[in-house]
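In: Just to be clear, the model below is a prediction. Sequence and coordinates:
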Amino acid sequence: MFIDTHLHLSRNYGENPVKFVKNAVLNNVKVMIVSFCDKDSIIESGKLELNFPGVYYSFGFHPDVASIIENDDIDFLVKMINDNEKVVSIGEIGLDYYYKKENRLDQIKLFERQLKIAEEMNLPVVIHSRDAACDTYDILSKYNISGVIHCFSGSLEMAMKYIKLGFYIGIGGVVTFKNSKLQDVVKNIPLTSIVLETDSPYLAPDPYRGTTNESKNIPIIAKKIAELKGVSVEEVMNITSKNAISLFDLHL
């Protein structure tokens with residue numbers, strides 16, 4: 001059984017959520033953690049007909065919305081987490097300086113508020129970090145939390161620093177891209193520190209690059225990791241699933 005630890009699922013993307021889940025299960029992806037990371041999508045989560053065993057949620061505010069989040073929104077987030085038994089993590093949250101660096105302080109403030117909530121609620125976090133590795137690491141090191149560095153794209157050195165903090169490295173379709181620098185990272189970090197993800201509908205793996213990604217593609221990612229590490233696909237599946245079950249406290 002494979003686990004997709006990070007995907008986005010919304011009618012805005014044009015998918016049929018029920019068909020999406022069934023396609024995944026047919027490909028032995030039997031557990032999926034769906035990320036809802038703004039107020040509208042968190043509200044929409046209750047309307048997606050995802051009452052499947054093995055489908056869980058992650059709620060949080062993405063750094064893209066940092067400048068518009070108010071105290072009432074934080075209260076809303078806490079209430080929604082408390083009220084929904086499907087929620088197993090807070091995310092995706094973090095920092096993104098690629099498009100917006102001028103609101104850096106807003107991003108940091110929102111990030112820290114959500115990390116504090118995660119610490120208080122004893123929930124793992126799903127971290128978005130783009131062009132902000134140093135700030136992300138420095139902030140995470142102040143909190144007693146665990147989680148995933150989602151869609152990791154940094155150096156081997158930074159991956160090892162996150163691992164020493166107790167974080168897992170989220171590996172998705174980018175690892176299958178020709179000449180991807182992520183391949184060297186995967187070769188050199190322990191399998192016990194890796195979880196699989198698609199980031200659906202984005203970043204479909206080769207040979208489907210450029211198409212709409214789905215959880216059903218997780219086995220393709222696992223196969224590439226197995227090739228890079230010289231182990232079987234079954235070993236990648238078993239160890240990464242065990243990692244996810246432990247991190248997110250999944251009761252399967």
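Out: Everything's here; your move. Residues are numbered from 1 along each chain as shown.
In: Pro205 is in what secondary structure piece?
Out: Using DSSP states H and E, Pro205 is not contained in any helix or strand.
In: number of nearby residues for it?
Out: 22 (other C-beta atoms under 10 Å). Every C-beta, even on glycine, is put in place using the N, C-alpha and C of the backbone.
In: now Gly54
Out: The local packing of Gly54 (other C-beta under 10 Å) involves 16 other residues.
In: likewise Lys86?
Out: 15.
In: ok, it to Tyr162 distance?
Out: Look at Lys86 and Tyr162: by C-beta to C-beta, to the nearest Å, they are 26 Å apart.
In: go on, Thr176?
Out: Using C-beta to C-beta, we find Thr176 at a distance of 22 Å from Tyr162.
In: repeat for Ser200
Out: Counting by C-beta to C-beta, the gap from Ser200 to Tyr162 is 23 Å.
In: Ile74: neighbour count?
Out: So Ile74, with other C-beta under 10 Å, has 15 neighbours.
In: May I ask which helix or strand encompasses it?
Out: helix 71-83.
In: State the next helix or strand along the chain beyond that helix.
Out: Taking DSSP H and E, what comes next after helix 71-83 is strand 87-96.
In: what separates that following strand from the chain centre, distance-wise?
Out: Computed by C-alpha atoms, centre = their mean, to the nearest Å, the separation of strand 87-96 from the middle of its chain amounts to 8 Å.
In: What residues of that strand count as buried?
Out: By 16 or more other C-beta atoms under 10 Å, the buried positions in strand 87-96 come out as Val87, Val88, Ser89, Ile90, Gly91, Glu92, Ile93, Gly94, Leu95, Asp96.
In: can the residues you listed go into JSON lines with extra columns for distance to Asp72?
Out: Below are the buried residues of strand 87-96 laid out as JSON lines (distance: C-beta to C-beta, whole Å):
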{"residue": "Val87", "distance to Asp72": "19"}
{"residue": "Val88", "distance to Asp72": "25"}
{"residue": "Ser89", "distance to Asp72": "22"}
{"residue": "Ile90", "distance to Asp72": "18"}
{"residue": "Gly91", "distance to Asp72": "21"}
{"residue": "Glu92", "distance to Asp72": "21"}
{"residue": "Ile93", "distance to Asp72": "18"}
{"residue": "Gly94", "distance to Asp72": "22"}
{"residue": "Leu95", "distance to Asp72": "23"}
{"residue": "Asp96", "distance to Asp72": "23"}
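In: Please identify which of these is nearest to Cys134.
Out: For the buried residues of strand 87-96, the minimum distance to Cys134 (C-beta to C-beta) is 9.8 Å, reached by Leu95.
In: List the residues that contact the closest one.
Out: Pro63, Arg104, Gln107, Ile108, Phe111, His128, Ser129, Arg130, Ala132, Asp135, Thr136, Ile139 (C-beta atoms under 8 Å, 6 or more residues apart in numbering).
In: Correct me if wrong: the fifth one contacts Phe61.
Out: No - at 9.1 Å, Phe111 does not count as touching Phe61 under the criterion of C-beta atoms under 8 Å.
In: Drop anything exposed from the contacts of Leu95.
Out: Pro63, Arg104, Gln107, Ile108, Phe111, His128, Ser129, Arg130, Ala132, Asp135, Thr136, Ile139.
In: got the buried residues for stretch 154-164?
Out: Gly154, Met158, Ala159, Met160, Lys161, Tyr162, Ile163.
In: can you pull the contacts of the fifth one?
Out: For Lys161, the set of contacting residues under the criterion of C-beta under 8 Å, 6+ apart consists of Tyr137.
In: Can you tell me how far it is from Cys134?
Out: From Lys161 to Cys134 the distance is 10 Å (C-beta to C-beta).
In: can you check the fourth one too?
Out: From Met160 over to Cys134 the distance is 15 Å, taken as C-beta to C-beta.
In: in the chain, which spans are strands?
Out: 2-7, 29-36, 55-59, 87-96, 125-130, 147-149, 167-171, 194-196 (DSSP state E).
In: right, so those: which one is the most enclosed?
Out: strand 147-149 (a mean of 29; mean count of other C-beta atoms under 10 Å).
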